[in-house]
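Participant: using only what follows, build the 3D model:
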Amino acid sequence: MKEYKKAFKRAFPYTIPVLTGYLFIGIAFGVMYAEKGYSFLWAILMSLLVYAGSGQYLAVNFFVPGISFLQVIFLTFMVNVRHVFYGISLVERFNRFGKSRWYMIFGLTDETYSLLCTTKVPEDVDEEKFLLAITILDHSYWTLGGAIGAIAGTLLPINSEGIDFAMTALFVVVFIEQWMEKKNRIPEIIGVAVAFISLQIFGADSFVLPAMLCIMLVLFAGRKRLEQREDEVCH
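Facilitator: Now for the predicted structure:
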């Protein structure tokens with residue numbers, strides 16, 4: 001227990017940027033969810049068990065007539081397919097760990113992935129416990145934000161117009177952070193280029209899904225080279 005306490009103490013300072021970001025976008029999600037008339041308990045449960053920021057924002061619109069189950073599956077997969085590539089680059093590292101790796105795989109969000117790859121593990125802390133602490137802390141920040149937003153949205157009259165832009169803003173920050181921190185910028189360049197081309201072809205209202213599909217195919221085709229590059233970054 002003492003080793004875990006030390007791991008959390010060492011990990012916390014690195015997660016402060018995630019804390020500030022997750023609280024605000026978690027609150028935004030909670031407010032949007034409460035506005036649909038659902039109990040704050042469901043928002044908390046979704047944050048605990050689903051734990052997918054952009055996926056949860058998208059899910060708010062699933063609870064309306066006309067959305068089929070197949071559409072829910074497809075859209076959720078497309079929005080979160082990037083996590084496949086996160087996982088591929090960390091397979092070798094996670095395989096060295098025990099049962100905690102299953103939770104770390106579940107908790108592999110954009111921000112947590114960035115921390116796992118760029119944060120140097122302190123010499124006096126076990127690597128597995130340190131990375132687990134980062135994952136748990138990030139998860140707790142998101143859940144806390146969702147709970148605060150859902151409760152506030154239930155009790156207070158809040159105008160949520162434009163609040164869904166919080167997730168977009170976070171992705172912009174993550175993109176800039178990744179661009180500045182990583183030497184391998186090929187994935188970012190591919191993403192921007194494909195998105196721009198798709199925007200010109202399909203228009204602003206329909207380019208997202210084609211762009212994500214093309215990005216996924218391009219990255220999957222070059223996965224071996226990207227794996228090698230990401231492994232160099234993580235080590």
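
Participant: which residues of the protein score low on pLDDT?
Facilitator: Low-confidence segments of the chain, defined by pLDDT under 70, span residues 63-66, 158-164, 166-167, 170, 174, 177-178, 181-184, 223, 226-235.

Participant: show me what counts as buried in the helix ranked longest in it.
Facilitator: What stands out as the longest helix in the chain, according to DSSP state H, is helix 2-35. By 16 or more other CB atoms under 10 Å, the buried positions in helix 2-35 come out as 6-8, 10-11, 14-15, 18-19, 21-35. Yep, even glycine has a C-beta here, placed from its N, CA and C like the rest.

Participant: likewise for stretch 101-111?
Facilitator: 101, 104, 107-111.

Participant: and of these, the nearest to Leu49?
Facilitator: Gly107 (11.7 Å; CB to CB).

Participant: check contacts around the residue lying closest to the closest one once chain neighbours are set aside.
Facilitator: Nearest in space to Gly107, with sequence neighbours left out and distances taken as CB to CB, 6 or more residues apart in numbering, is Thr135 at 4.0 Å. With contacts defined as CB atoms under 8 Å, 6 or more residues apart in numbering, Thr135 is in contact with 103-104, 107-108, 112, 116.

Participant: now, which of the residues you listed sits nearest Val208?
Facilitator: Among these, and counting by CB to CB, the member closest to Val208 is Leu108, at 22.3 Å.

Participant: before we move on, which element is the residue nearest to that closest one when sequence neighbours are not counted in?
Facilitator: Distances taken as CB to CB, 6+ apart put Tyr86 closest to Leu108, at 5.3 Å, once the chain neighbours are dropped. Assigned by DSSP states H and E, Tyr86 falls within helix 82-94.

Participant: what comes up buried for that helix?
Facilitator: Result for helix 82-94 [16+ other CB under 10 Å]: buried residues 82-83, 85-86, 88-90, 93-94.

Participant: can you spell out the domain ranges of the protein, please?
Facilitator: The chain breaks down into these domains under automatic domain parsing: 2-179, 182-235.

Participant: tell me the most buried of those?
Facilitator: Comparing the domains of the chain by mean neighbour count (mean count of other CB atoms under 10 Å), domain 2-179 ranks first with a mean of 17.

Participant: quick one: end-to-end distance for that domain.
Facilitator: Terminal residues of domain 2-179 are spaced 37 Å apart (CA to CA, to the nearest Å).

Participant: the helices in this protein, which residues?
Facilitator: Counting by DSSP H, the helices of the chain are 2-35, 40-49, 53-59, 69-80, 82-94, 100-106, 110-118, 127-155, 165-181, 186-202, 208-221, 223-234.

Participant: that older thread, got the angle for the longest helix of the chain vs helix 127-155?
Facilitator: 30 degrees (axes from the mean of the first three to the mean of the last three CA atoms, to 10 degrees).

Participant: and helix 2-35, what does it pack against?
Facilitator: helix 40-49, helix 53-59, helix 110-118, helix 127-155, helix 165-181 (3 or more CB pairs under 8 Å, 6 or more residues apart in numbering; DSSP states H and E).

Participant: residues touching Trp42, list them.
Facilitator: 33, 150.

Participant: cool, Ile44 as well?
Facilitator: 143, 146-147, 150.

Participant: Val194: which of the residues you listed is nearest?
Facilitator: For the contacts of Ile44, the nearest to Val194 is Gly146 (31.2 Å; CB to CB).

Participant: against Asp110, how distant is the nearest residue to that closest one once chain neighbours are set aside?
Facilitator: Closest residue to Gly146 apart from its sequence neighbours, by CB to CB, 6+ apart: Ser47 at 3.8 Å. Per CB to CB, to the nearest Å, Ser47 is found 16 Å from Asp110.
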